[in-house]
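Enquirer: build me a structure from this.
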Amino acid sequence: MKFKRYIKGVISEGKRVRWCKGEELRSSIFVVLAYTIFFALFLMLSDALVIRLLQALEFH
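Expert: Modelled structure (predicted):
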């Protein structure tokens, strides 16, 4: 019976949540994608730079 009461509580809390409107959601998705792409490119470039530096420092 506790599980049933838990599910009812989850459903009632879900009804109280203020869900985003479509425009808010689109702008938030754009911001998240922009940051993700920016930091992915930043990490790729910094990784390539570190690899080149380590290769230049290698002693043959």
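
Enquirer: in what helix or strand does the one residue sitting closest to the centre of the chain lie?
Expert: For the chain, the residue nearest the mean C-alpha position is residue 32 (6.5 Å; Cα atoms, centre = their mean). Using DSSP states H and E, residue 32 sits in helix 22-57.

Enquirer: so for that helix, what's the average pLDDT?
Expert: The average pLDDT for helix 22-57 rounds to 96.

Enquirer: tell me the helices and strands packed up against that helix.
Expert: Contact partners of helix 22-57 among helices and strands, from 3 or more Cβ pairs under 8 Å, 6 or more residues apart in numbering; DSSP states H and E: none. Yep, even glycine has a C-beta here, placed from its N, CA and C like the rest.

Enquirer: and it, which residues are buried?
Expert: Within helix 22-57, no residue qualifies as buried by neighbour count (16 or more other Cβ atoms under 10 Å).

Enquirer: I'd like the distance from that helix to the chain centre, please.
Expert: How far helix 22-57 lies from its chain's middle: 12 Å, per Cα atoms, centre = their mean, to the nearest Å.
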